[in-house]
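J.: Let me see the structure of the following:
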Amino acid sequence: MKVLPRVINPSDGHYFLLGPRGTGKTLWASYHYPSALRIDLLNPETMRQLTARPERLIELVETNSDKQQIIIDEVQKLPELLDVVHLLIEQKKSRQFILTGSSARKLRKQGVNLLGGRAAKKILHPYLAFELGQDFSIKKALTHGMLPLVWASSEPEEILKSYNALYLKEEVQAEGLIRNIGAFARFLETISFSYGSVLNINNISREAEVNRKTVEGFIIILEDLLLAFRLNIFSKRAKRELKSHPKFYFFDVGVFRANRPRGPFDDISDLEGLCLEGLVFQHLRAWCDYSIGGNELFYWQTRQGIEVDFVIYGESGIYAIEVKKTTQLRPEDFKGLELFQEDYPIAKRYILHQGKERFIRNGVHCIPCEEFLLNLKPNSILEL
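T.: Have a look, this model is predicted:
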C-alpha cells in the first residue's frame, strides 16, 4: 500500500492508537517508527506465546534494549498484556509504547489496567481529502469511501464486500461478542436504513426481528468496534423544543454502501444525498479529533423537523453546516440556518453544495463541497 502523509500527530509519550481495521494504523506506525520493536498479536505464534505467558513481553523488551519504541499491534486481543506494559513503564526507562487496536470493547468491558492514565488515546480515521490532495476524487469517495485499504485497491467493491465478513467473523463472532450471527447480520442491514437519520430503536427491532435490548447491545458493539457513531443533538442554551434522540452514522461512506441493500424501489438520488452528508460527517468528526480545542460534533433539529445537519462547538467557535446535493441553492435551503442564527447569532454558517461557485448569501458562506473538504485541515479554523 502506498504510504501517504497522515495528519495525526504522534505523541512523545505512551499512547493508544485506535481505529477500525483498514485505516492504516500498522502501516502508519511502521513508517513513522521504522526501527521500533513490533509485536503483532495477529501473528498466531506470537499470540500463542504471549497468551501462555504474558510476562514474556519483558524478555522481548529487555532483549531488544536498543529499541526506543515498542509497537504492540491489536492489543485488545490480549488485554492482560497491559499489566506487563504498565510494569515496564514503571521502570521509567527511555522507552515509548505505541499500542494499536481496532476495538475498545475488551479493554473497557474487562476493566483492565489502562496504564493508570499514563497513555494518551489517539484515533486514526479514514483518509481526509486534504491527505490525498490531487489524488482525491469526490466521485470515488462517494462510491467507495475513504478507507486506505479500499482506496489503494484495484477492486474496491470486492474489498468492501469482504470488509463486513471480516468483522462478522474475526471481530464479532471470534471474540464471542454475540451468540446469533444471523440476527446481527439482519441488524446490520436494517440499521443501514437509519444512516444519517434520527435513531429509532423500536423500528429497527421490529424490522430486524430482534428484541429492543439486543438491538441496543448491537449498536454498542458497532461503537466499540469504532464502526459506527451516534451524533447527539446540540442543546446548549436551547431556546426552543428540540429532538432528543441521536442520529446514526457508519464511520465510512463505503462501509455504509456495502451494508445498504439496494433494489428496484430504492431512490438512487436519496442514497447519493446520504453519502454526501456522510462524507462530510466523517471529515468533520476527524477534524474535531485531530484538532486542538476540545471541539465536538452535533446536529440540531427542532420538534417541527427544521434541521441543521452539523454543529461544531468548542474553543474554535460555533459552526453550523448544512449539506445540499443540489447545484442550485433555493431559499428553503437556508431555513434551518436562519432559525439557528436566531438562537445562536454568533455562529458561523455554511452551506456545502455540489455547484462550482462559492459565494455569500444572507451571511451564509456557500462553498462547493469538494473545495471545502480539500481545504479542511486540522488545527485550522473553518473559515476557508
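J.: Leaving out the residues flanking it, which one is nearest to residue 285?
T.: Counting by CB to CB, 6 or more residues apart in numbering, residue 297 is the residue found nearest to residue 285 once chain neighbours are left out, at 5.5 Å. In short, each C-beta sits where N, CA and C put it, glycine included.
J.: Now the one you found. Its backbone dihedrals?
T.: Comment: the main-chain dihedrals of residue 297 come out as phi -110, psi 130, following degrees, to the nearest 10.
J.: so what's it up against?
T.: Under the criterion of CB atoms under 8 Å, 6 or more residues apart in numbering, the contact list for residue 297 reads 231, 281, 284, 285, 288, 310, 311, 312.
J.: try 6 Å
T.: Residues in contact with residue 297 (CB atoms under 6 Å, 6 or more residues apart in numbering) are 284, 285, 288, 312.
J.: What distance do you get for it to residue 50?
T.: Counting by CB to CB, to the nearest Å, the gap from residue 297 to residue 50 is 37 Å.
J.: now residue 288
T.: Relative to residue 50, and taking CB to CB, residue 288 is found at 35 Å.
J.: which one of the two has more residues nearby?
T.: For residue 288 against residue 50, the residue with the higher neighbour count under other CB atoms under 10 Å is residue 50, and the figures read 22 against 18.
J.: any chance you could map the helices in the stretch 151-300 of the chain?
T.: For the stretch 151-300 of the chain, the helices identified by DSSP state H, counting those that start in this stretch occupy 156-166, 181-191, 201-208, 212-224, 253-259, 268-290, in order along the chain.
J.: And stretch 173-186, end to end?
T.: Across its full length, stretch 173-186 reaches 15 Å end to end, with CA to CA, to the nearest Å as the criterion.
J.: buried sites along that stretch?
T.: In terms of neighbour count (16 or more other CB atoms under 10 Å), stretch 173-186 has its buried residues at 177, 178, 183, 184, 185, 186.
J.: Let me know the closest of those residues to residue 64.
T.: Using CB to CB, the shortest approach to residue 64 within these belongs to residue 177, at 34.0 Å.
J.: Check that closest one and give its pLDDT.
T.: Residue 177 carries a pLDDT value of 66.
J.: same thing with the one 5 residues further on?
T.: Confidence per residue is given as pLDDT, and for residue 182 that number is 85.
J.: Please apply the same query to the one 5 residues further on.
T.: As predicted, residue 187 sits at a pLDDT of 92.
J.: Pull up the gap between it and residue 55, please.
T.: According to CB to CB, residue 187 and residue 55 sit 40 Å apart.
J.: Ok, residue 285 next?
T.: When CB to CB is applied, the distance between residue 285 and residue 55 equals 39 Å.
J.: Ok, residue 336 next?
T.: The value you get for residue 336 to residue 55, if CB to CB is used, is 58 Å.
J.: Compare neighbour counts for these two and give me the winner.
T.: residue 336 (21 against 11).
J.: in the helix or strand hosting the more buried one, what's buried?
T.: Assigned by DSSP states H and E, residue 336 belongs to helix 335-343. The neighbour-count check on helix 335-343 (16+ other CB under 10 Å) flags 336, 337, 339, 340, 341, 343 as buried.
J.: Let me see the ranges of the strands in the protein.
T.: 15-18, 37-40, 69-73, 96-101, 120-123, 228-231, 247-250, 296-301, 307-314, 317-323, 348-353, 359-361, 364-368 (DSSP state E).
J.: got the ones you listed as JSON lines, with mean pLDDT columns?
T.: Below are those laid out as JSON lines (pLDDT from 0 to 100):
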{"stretch": "strand 15-18", "mean pLDDT": "92"}
{"stretch": "strand 37-40", "mean pLDDT": "96"}
{"stretch": "strand 69-73", "mean pLDDT": "96"}
{"stretch": "strand 96-101", "mean pLDDT": "94"}
{"stretch": "strand 120-123", "mean pLDDT": "88"}
{"stretch": "strand 228-231", "mean pLDDT": "95"}
{"stretch": "strand 247-250", "mean pLDDT": "96"}
{"stretch": "strand 296-301", "mean pLDDT": "96"}
{"stretch": "strand 307-314", "mean pLDDT": "96"}
{"stretch": "strand 317-323", "mean pLDDT": "95"}
{"stretch": "strand 348-353", "mean pLDDT": "96"}
{"stretch": "strand 359-361", "mean pLDDT": "94"}
{"stretch": "strand 364-368", "mean pLDDT": "96"}
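J.: So for residue 240, which of these sits nearest?
T.: strand 296-301 (10.2 Å).
J.: Pull out the buried residues from the closest one.
T.: Counting neighbours by 16+ other CB under 10 Å, the buried set in strand 296-301 is 297, 298, 299, 300, 301.
J.: now swap in stretch 283-297 and tell me
T.: The neighbour-count criterion (16+ other CB under 10 Å) identifies 283, 284, 285, 286, 287, 288, 289, 290, 291, 295, 297 as the buried residues of stretch 283-297.
J.: ok, now stretch 120-139?
T.: Buried-residue list, stretch 120-139, by 16+ other CB under 10 Å: 122-132, 136, 138.
J.: Ok, stretch 160-167 next?
T.: In terms of neighbour count (16+ other CB under 10 Å), stretch 160-167 has its buried residues at 160, 163, 164, 167.
J.: As CSV, could you dump the C-alpha coordinates of that stretch?
T.: Once non-C-alpha atoms are left out, stretch 160-167 reads as follows in CSV (Å, rounded to 0.1, in the frame of the first residue of the first chain):
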residue,chain,number,x,y,z
LEU,A,160,-15.8,-3.5,0.7
LYS,A,161,-17.9,-6.7,0.4
SER,A,162,-15.4,-8.7,2.3
TYR,A,163,-15.0,-6.0,4.9
ASN,A,164,-18.3,-6.8,6.6
ALA,A,165,-17.4,-10.5,6.6
LEU,A,166,-14.1,-9.7,8.3
TYR,A,167,-15.9,-8.1,11.2
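J.: could you give me the average pLDDT of that stretch?
T.: Mean pLDDT, computed over stretch 160-167, is 82.
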